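Peer 1: Sequence and predicted structure are below.
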Amino acid sequence: MDCLFCRIIAREIPASVVYEDDRVLAFNDINPQAPTHVLVVPKRHIASLAELAAEDDAIVGEMVRRAAAIAESRGIAAGGYRTVFNTNRDAGQTVFHIHLHLLGGRAMHWPPG
Ligand code: 5GP
Ligand code: ZN
């Protein structure tokens, strides 16, 4: 499968890994948009939120809780952070392997651009 994040999970492409278990990998974004910019991905390929099935509820919950734990470990949880799933063209999704952006360490603005 020609998927960038599957190749990172397979260690065919290097990444700065911040967390790993049997189901989830988290690594630093190559083009960070904040002092903390981590991508949390399932090891099992899911293309986007649009592809989610009921059986994926547990893995999505794990991704969200992992992002919260990483924010806590980085000391940015109390100050606040943003978690984002970009889905399809208008949201700017560029990698079609579902990923949760964890952004923090600076003030975020709303509405987003
Ligand atoms: P999207 O725009 O699909 O929501 O987010 C994709 C993210 O993946 C972008 O923030 C981009 O910087 C990041 N990215 C793209 N290629 C690589 C890569 O090879 N390594 C890492 N660590 N991040 C990547
Ligand atoms: Zn993939």
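Peer 2: Thanks, I have it. Numbers count the residues shown, from 1 in each chain. Ligands and ions are numbered 1, 2, ... in the order given.
Peer 1: Show me where this protein has its helices.
Peer 2: 4-9, 57-74, 88-91 (DSSP state H).
Peer 1: looking at those helices, which is closest to residue 18?
Peer 2: Nearest to residue 18 among the helices of the chain is helix 57-74; the distance by CB to CB comes to 6.4 Å. For every residue, glycine as well, the C-beta is placed using N, CA and C.
Peer 1: ok, back up a step: can you list the helices of the chain in a markdown table and add mean pLDDT?
Peer 2: As requested, the helices of the chain are exported to a markdown table (pLDDT from 0 to 100):
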| stretch | mean pLDDT |
| --- | --- |
| helix 4-9 | 98 |
| helix 57-74 | 98 |
| helix 88-91 | 96 |
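Peer 1: deepest of those helices, which one?
Peer 2: Of all these, helix 4-9 carries the top mean neighbour count, a mean of 18, counting by mean count of other CB atoms under 10 Å.
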